[in-house]
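> build the 3D model from these lines:
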Amino acid sequence: MARFKPVHKGMKLLPVDLDRQLVPGTFEHALNYLVDHELDLSALEARYCNDEQGASAYDPAVLLKIILLAYSRGLIGSRRIEAACRENIVFMALSGDSQPHFTTLAAFVAELGDGAARLFAQVLTLCDRQGLIGREMFAIDGVKLPGNASKTRSGTRADFLRRAEKMEAAAKKMLDRHRAADAVAADSGPSDREARQLARLQAEARKYREWLTAHPQDRTGARGAVRLSNQTDNESAKMATGKGVIQGYTGVAAVDGRAQVIVEAQAHGTGSEQELLWPVVKATGSLRTPATLITADAGYHSEANLKALAEAAIPALIADPDMRARDERFKDQDRHKAKPDPLHPKGKAKQETRRFRPADFDYDPEAGTCRCPAGKALYQNGSNCTHNGYLATKFTGAQRDCVPCGLRNQCLRTPEKTQVRQVCFFRGKAPETPESHTDRMKRAIDSEEGRRRYGRRFATVEPVFGNVRANKRMDRFTLRGRAKVDGQWKLYCMVHNIEKLAHQGYAR
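Sure, this is the predicted structure:
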């Protein structure tokens, strides 16, 4: 039988040179050099006032190294980072064998504030110095990440008022029942379980009342619409994602096309991407050239955004919602949508009734007549109507035909409310309607050159979010408040940029 040398897997006392654990070419080696020789940390050091009195503090350079190294390894929780400083040799080497308490680490990240933006800008300057920023194209995209807030604590002020009144009514009902029982038997007080339940109801109702007093108005969006508030983090938002509804923030990033360096990073407490395009574009003004192309997907498309870009003379290719339907490269995308989602619930899907569309109606443009799928004639109530800049012909069904029709459920969205069906047929652009910015963008993005340039967006920005979320496992925010979350998102993106420096900048 073959014999092999023994393998030791237990504890062993070894002399270790900590400096040699930071191997050149690795992320931790680049991070150590960057913090010690390139970054200006005087603003962080100015926070400490223990020159003559007080205990010694941990060097902010050491804390910054620990946090960024932990984020690069997918460690976000401060307790796990503290454990790594005690057990991982790379953390020991990078921090000089410092072992800060988890509260110190958590406080450092939470209090970083504007310091994160200054550090991000310094790292970006180093990337530019190394030739990693080409300024040919900035691709903008975002990702919705859960925050440190409970989505069950979301609602409007009216919702919170109803919950408080409901809890107060339940508490009053319990008290009335106990008083009635006390009148019959003097020793029939509430049990311990009922007493705890009553105290909990009263405490929750009191919290709702205090929150309503502290926040006399609802949150509103850019157009004045009411947005849901949140008791645990009122600057976060309740957002729908492909994996369900979350309570958190949208992290937006602008990525340069040359080496996938993130040139701008912002976090916002809203799920509406249309509102986030212009703030990011404006923030990249110092880096852009007159020829820098801005690209973004359909989530950032709006007439207002396109108008702002055109008035600022900024080259841009912003996809509209129907862009893929017009592109022959995506002609087979429906077959992928038909595939079952492995993360989707395996229960039987609810079947929705298909409603009749205008294509199901028999329309004769020459005669100006229209018949519904049931064979009934509709009368014309507008032959030269203009809808969103397009000429249209409108038809309406007769009440005597639509009300008793057996196809009402297939024809009307709300058959219990709507009596007759209306249908509209478009005949092209109205001649007097001026060309919109959306029409100009469609023409630009559908051209051969536009498709070629816009096609680079996928390979520029999508791998960046894959690296941050999947490789680095930075898939949630641990802080509350937009300012703190924005700082943490900049730290996440800074890790990505330092990795680019380590592998493509300093490595050369």
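
> for the closest residue to D40 other than its chain neighbours, which residues are in contact?
With Cβ to Cβ, 6 or more residues apart in numbering as the measure, Q122 is the residue that lies nearest to D40, at 6.5 Å, once sequence neighbours are left out. (Glycine included, C-beta is placed from N, CA and C.) Counting by Cβ atoms under 8 Å, 6 or more residues apart in numbering, Q122 touches E38, L39, D40.

> buried set for stretch 302-319?
S302, N305, L306, A308, L309, I314, P315, A316, L317, I318, A319 (16 or more other Cβ atoms under 10 Å).

> ok, of those, which one's closest to R135?
Each of these was scored against R135 by Cβ to Cβ, and P315 proved nearest at 11.7 Å.

> that closest one contacts R288, correct?
No: in terms of Cβ atoms under 8 Å, P315 does not count as a neighbour of R288; the distance is 9.4 Å.

> just to revisit the earlier point, mean confidence (pLDDT) on whichever strand or helix holds the residue nearest to D40, please.
Applying DSSP states H and E as the criterion places Q122 in helix 114-129. The average pLDDT within helix 114-129 is 94.

> run the chain-centre distance for that helix.
Shown here is helix 114-129, whose average C-alpha point lies 23 Å from the average C-alpha point of the whole chain (Cα atoms, centre = their mean, to the nearest Å).

> what of stretch 381-394?
The offset between the C-alpha centroid of stretch 381-394 and the centroid of the whole chain comes to 38 Å, using Cα atoms, centre = their mean.

> how about the strands in the stretch 401-508 of the chain?
Taking DSSP state E, counting those that start in this stretch as the criterion, the stretch 401-508 of the chain carries its strands at 422-429.

> what about it, any weak spots by pLDDT?
Low-confidence segments of the stretch 401-508 of the chain, defined by pLDDT under 70, span residues 433, 505-508.

> follow-up on the earlier one: what are the pairing partners of the next helix-or-strand element following the helix holding Q122, and which direction each?
Taking DSSP H and E as the definition, the helix or strand that follows helix 114-129 towards the C-terminus is strand 137-146. In its sheet, strand 137-146 lies beside strand 244-256 (antiparallel), strand 293-296 (parallel), with partners assigned from DSSP bridges.

> and the contacts of whatever helix or strand comes next after the first one?
It refers to strand 244-256. As assigned by DSSP H and E, the chain's next helix or strand after strand 244-256 is strand 262-268. Residues from elsewhere that reach strand 262-268 (Cβ under 8 Å, 6+ apart): 120, 124, 133, 138, 249-256, 275-276, 279-280, 283-284, 287, 464, 477, 482, 485-486, 488-490, 492-493, 496-497.

> at 7 Å instead, please
Applying Cβ atoms under 7 Å, 6 or more residues apart in numbering, the contact partners of strand 262-268 are 120, 124, 133, 138, 249-256, 276, 279-280, 283-284, 287, 464, 482, 485-486, 489-490, 493, 496-497.

> what about this structure, any weak spots by pLDDT?
Where the chain drops into low confidence, which here means pLDDT under 70, it does so at 182-190, 222, 331, 333-353, 433, 505-508.

> separate out the buried members of the contacts of strand 262-268.
120, 124, 133, 138, 249-256, 276, 280, 283-284, 287, 464, 482, 485-486, 489-490, 493, 496-497.

> show me the helices in the stretch 1-150 of the chain, by range?
For the stretch 1-150 of the chain, helices defined by DSSP state H, counting those that start in this stretch occupy the ranges 27-33, 42-45, 60-72, 78-87, 89-95, 102-110, 114-129.

> ranking the ones you listed by burial, who's on top?
Per-residue neighbour counts averaged over each of the helices of the stretch 1-150 of the chain give the maximum for helix 60-72, namely a mean of 22 (mean count of other Cβ atoms under 10 Å).

> which secondary structure elements does that helix contact?
Applying 3 or more Cβ pairs under 7 Å, 6 or more residues apart in numbering; DSSP states H and E, we find helix 60-72 packed against helix 27-33, helix 78-87, helix 89-95, helix 102-110, helix 482-500.

> put together TSV for those helices, with distance to M1 on each row.
Converted to TSV, the helices and strands packed on helix 60-72 look like this (distance: least, Cβ to Cβ, whole Å):
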stretch	distance to M1
helix 27-33	43
helix 78-87	37
helix 89-95	36
helix 102-110	50
helix 482-500	47
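
> please name whichever of those is nearest to K442.
Distances from K442 to each of the helices and strands packed on helix 60-72 were compared using Cβ to Cβ; the minimum, 31.8 Å, belongs to helix 482-500.

> mind listing what's buried along the longest helix that the chain contains?
Identified as the longest helix of the chain according to DSSP state H is helix 157-184. When burial is assessed from 16+ other Cβ under 10 Å, helix 157-184 yields the following buried residues: R157, F160, R163, A164, M167, E168, A170, A171, M174, H178.

> just these now: which is nearest P431?
R157 (49.0 Å).

> could you find the closest non-adjacent residue to that closest one?
Of all residues beyond its chain neighbours, the one nearest R157 is D218 (5.3 Å), with distances taken as Cβ to Cβ, 6+ apart.

> now do the contacts for the one you found.
Remark: with contacts taken as Cβ under 7 Å, 6+ apart, D218 is in contact with T156, R157, V226, S229.

> counting neighbours, which of those residues comes out on top?
Across the contacts of D218, the neighbour count under other Cβ atoms under 10 Å reaches its highest value at S229, namely 24 neighbours.

> please name the bridge partners of that one.
As assigned using DSSP bridges, the partners bridged with S229 are G155.

> hmm, which two among the buried residues of stretch 302-319 are most spread apart?
With distances taken as Cβ to Cβ, the most widely separated pair in those is S302 and P315, at 17.8 Å.

> coming back round to it: among the helices and strands packed on helix 60-72, which is nearest K238?
Taking Cβ to Cβ, helix 482-500 is the member of the helices and strands packed on helix 60-72 nearest to K238, at 14.9 Å.

> other SSEs contacting the closest one?
For helix 482-500, the packing partners by 3+ Cβ pairs under 7 Å, 6+ apart come out as helix 27-33, helix 60-72, helix 114-129, strand 244-256, strand 262-268.

> quick one: neighbours of H301, just the number.
By the other Cβ under 10 Å criterion, the neighbourhood of H301 contains 19 residues.

> apart from its chain neighbours, what residue comes closest to C402?
The shortest distance from C402 to any residue other than its chain neighbours is 4.3 Å, reached at V420 (Cβ to Cβ, 6+ apart).

> please apply the same query to L309.
Nearest-residue entry for L309: A316, 4.6 Å, with adjacent residues in sequence omitted and distances by Cβ to Cβ, 6+ apart.
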